[in-house]
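Peer 1: my questions concern the predicted model and sequence given below.
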Amino acid sequence: MDVRLHFQEAGAGDALIMLHGNGEDHTFFEHQVPAFARSFRVIALDTRGHGASPRGRRPFTLDQFACDVHDFMDEQEVQRAHLLGFSDGGNIALLFALANPQRVASLVLNGANLFPEGLTAEVRAEDDAAWVRAQQMGDTHTLDLLRLMRDEPHIDPAQLSALEGIPALVVAGSRDMIQEDHTRLIAQSIPGAELAILDGTHFVAAEDPDAFNRVVGDFYAAHGFGM
């Protein structure tokens, strides 16, 4: 691994790795870390090139970010972890789970998408306009971030059948930037996955942490995790 990922850690018990979204850092989970540290060893990462984690020399892609999670777990001697991912973090969690199912205890996917067309048409138009502005300004960092949203991921829903046996919860806001039918497609494609649509936007975990934490906590409790 060419970089060392910055992270915040709290609590003890089974590892719960939290993966933030595009352009954010581990502080997105400021309301989740203390809540779940009561039951888990919570590790909130800064993705490569985000927050305090270096950009490094390797490709700036979701596949590389998933490889970074694998290397980070090896460094921290975490053999198996619960993954909670928001937005691009959910996409990273999915890619990691598909490549390393034996290392995933459970999945919580909040605002994830399988391919760029899963975003609403309005958001995709905004991203296209932002792309033009960033090109005009020569803003390479913003272009890197926008490229992730415009070009990735590329996950065939049929691939998700390989996640059978991994407890999964798919969460989105009622006014999410991910189309609701796309969110439902993800839940329907993961065998046995649960679905929760909460009142709110794409950022419902930050907007209404009590509701989000309750849904996720109930999911963990129902499967006997963190007890």
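Peer 2: Ah, there it is.
Peer 1: and the host helix or strand of residue 85, which strands flank it?
Peer 2: Per DSSP states H and E, residue 85 falls inside strand 81-86. Sheet pairing of strand 81-86 (DSSP bridges) gives strand 15-19 (parallel), strand 104-110 (parallel).
Peer 1: show the subsequent helix or strand relative to the first one.
Peer 2: Spelled out, that is strand 15-19. helix 33-36.
Peer 1: do a quick rundown of the helices in the chain.
Peer 2: Using DSSP state H, the helices of the chain run over 33-36, 62-75, 88-99, 121-137, 140-151, 180-189, 204-207, 209-222.
Peer 1: give me the neighbour count for residue 75.
Peer 2: 11 (other Cβ atoms under 10 Å). Glycine gets a C-beta too; all of them are placed from N, C-alpha and C.
Peer 1: give me the neighbour count for the nearest residue to it once chain neighbours are set aside.
Peer 2: Spatial nearest neighbour of residue 75, excluding adjacent residues (Cβ to Cβ, 6 or more residues apart in numbering): residue 1 at 7.3 Å. Other residues within reach of residue 1, judged by other Cβ under 10 Å, total 14.
Peer 1: single out the most deeply packed of the strands paired with strand 81-86.
Peer 2: Of those, the one with the most neighbours on average (mean count of other Cβ atoms under 10 Å) is strand 15-19, at a mean of 26.
Peer 1: can you name the residues in contact with it?
Peer 2: For strand 15-19, contacts defined as Cβ atoms under 8 Å, 6 or more residues apart in numbering pick out 26, 29, 32-33, 36, 40-45, 47, 69, 73, 76, 78, 80-86, 88-90, 92-93, 226.
Peer 1: just the mean pLDDT for it, thanks.
Peer 2: Average pLDDT, strand 15-19: 98.
Peer 1: gap between residue 199 and residue 3?
Peer 2: 38 Å (Cβ to Cβ, to the nearest Å).
Peer 1: looking at the two, which is more packed in?
Peer 2: Between residue 199 and residue 3, counted using other Cβ under 10 Å, the more crowded position is residue 3 (16 against 11).
Peer 1: nice, that's everything, thank you.
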